[in-house]
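*Asks:* when you get a sec, could you give me coordinates for this:
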Amino acid sequence: MAILTEPIGSIPRPPQLIAAITSFQSGKTSAEELDFAYKEALRDTIDRLEQTGSPVLTDGEQTKPSFATYPLTGLTNLASDGVIIPFADGHQRQLPRLTSGPFRYGVHAATYLRAAREFTELPIKQAVISASALSLLYPADGIPNYTREAFIADLIDEAETDIRGALDAGAACVQIDFTEGRLSLKLDPSGNLLRSFIELNNQVLARFSADERRKIGVHVCPGGDLDSTHSADVDYAGLLPDLFKMNVGRFYLQMSSEPNRKRVLRLVSEIIRPEHLVFIGVIDPINALVETAAEVRDRVLEAASFLPVRQLGTTDDCGFAPFADDTSTARDLAFKKIKARVEGTEIAAGELGG
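*Replies:* Sure, this is the predicted structure:
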């Protein structure tokens, strides 16, 4: 019995690309030279993902500034002093702040999909940022002549365009990154913020047919940046019942780094509906140890003891480098972990099929 396996998204950028970005920012490298470095990184990423045996590929987010801010590329109506996201090790990431309307994406995800398609004939999944994450761009004190209601209407239009464009460009599936889901419970333990995020994302998803939503999924994790997290201390039990109200067909769940996987898997088994596919994280991107194929197999078999195999898939807990400047995970290490996931999943599928 085959078990689906997919990467989450980002792969650490090669040193040559990071050097080219730094050189470009200091005015020492031309835009043409930077574009060449981007293209070479993308080509190498696709090639090495194929070598792992991965049946589904991504572009590794090689040309994105980050998984969250790619739509903001080229926009001029932003300030740098937006919402701050603190991580457990003390470092922070900060979103921009919208200064005027209307809100429009500077880049849509289909751009990345088309670029990756030049290098492979295998299925490609496309990650997109959630509307709820981008809703944090709007300042609490408002924007003159541009109400929050007007902003949300524009945001929903743009988020729909982002997903639909990727599907129309031939994406095997589209993954909505929703890392703020777990974080929202840390900011607001009542769950009201989480439910408002899910309601907003469902307004976007309501514009798609049931068949289209089967190809759309949501990814949640406690963050994974510079080998640290922002919400790993938040109990999954507070997230899962509301998360599974998202009108998607696929759920990508960080799981390998959970201290009590069986408890969480049991919770999932009580919530999952027959039309859902659940991709369980079997690789921990911020752990320097490379999982063995046997370890991955065991994690798949564990998940299969709780979930129907026909609804089970495997993935990585999170992207390996969601921000372009994250060099905490070696590129070679990421590909070794992905290979272990692919091989371990295949072994487990053979045992379960037998």
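*Asks:* buried ones in stretch 74-86, by neighbour count?
*Replies:* 75, 77-78, 82-83, 85-86 (16 or more other C-beta atoms under 10 Å). From N, CA and C alone the C-beta is placed, and that goes for glycine too.
*Asks:* do the same with stretch 313-331
*Replies:* Neighbour counts over stretch 313-331 (16+ other C-beta under 10 Å) mark 313-324, 326, 328-329, 331 as buried.
*Asks:* of those, which is the nearest to L200?
*Replies:* Among those, P322 lies closest to L200 (C-beta to C-beta), at 21.2 Å.
*Asks:* what's near enough to touch Q203?
*Replies:* Applying C-beta atoms under 8 Å, 6 or more residues apart in numbering to Q203 gives the contacts 131, 156.
*Asks:* hmm, 6 Å instead?
*Replies:* I156 (C-beta atoms under 6 Å, 6 or more residues apart in numbering).
*Asks:* same thing with L239?
*Replies:* R182.
*Asks:* and it, what element?
*Replies:* Element membership for L239, per DSSP states H and E: helix 236-243.
*Asks:* mean confidence (pLDDT) on that helix, please.
*Replies:* Averaging pLDDT along helix 236-243 gives 96.
*Asks:* repeat that for stretch 200-209.
*Replies:* On average, stretch 200-209 scores 98.
*Asks:* could I get the buried residue list for that stretch?
*Replies:* Buried positions in stretch 200-209, judged by neighbour count with 16+ other C-beta under 10 Å: 200-201, 203-205, 208.
*Asks:* repeat for stretch 289-303
*Replies:* 291, 293, 295-300, 302-303.
*Asks:* same check on stretch 110-126?
*Replies:* Applying a neighbour-count criterion of 16+ other C-beta under 10 Å, one finds 110-113, 115-117, 119, 124-126 buried in stretch 110-126.
*Asks:* now that stretch - C-alpha only, PDB.
*Replies:* Presented in PDB, the C-alpha positions along stretch 110-126 are these (Å, rounded to 0.1, in the frame of the first residue of the first chain):
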ATOM      1  CA  ALA A 110       2.800  30.800  -9.400                       C
ATOM      2  CA  THR A 111       6.000  32.700 -10.300                       C
ATOM      3  CA  TYR A 112       8.100  30.200  -8.300                       C
ATOM      4  CA  LEU A 113       6.200  27.200  -9.600                       C
ATOM      5  CA  ARG A 114       6.800  28.100 -13.200                       C
ATOM      6  CA  ALA A 115      10.500  28.700 -12.600                       C
ATOM      7  CA  ALA A 116      10.800  25.200 -10.900                       C
ATOM      8  CA  ARG A 117       8.900  23.600 -13.800                       C
ATOM      9  CA  GLU A 118      11.800  24.400 -16.100                       C
ATOM     10  CA  PHE A 119      14.000  21.800 -14.300                       C
ATOM     11  CA  THR A 120      11.700  18.800 -13.700                       C
ATOM     12  CA  GLU A 121       8.700  16.800 -15.000                       C
ATOM     13  CA  LEU A 122       7.900  15.400 -11.500                       C
ATOM     14  CA  PRO A 123       4.900  16.800  -9.500                       C
ATOM     15  CA  ILE A 124       5.600  20.100  -7.700                       C
ATOM     16  CA  LYS A 125       3.800  21.300  -4.700                       C
ATOM     17  CA  GLN A 126       3.600  25.000  -4.000                       C
END
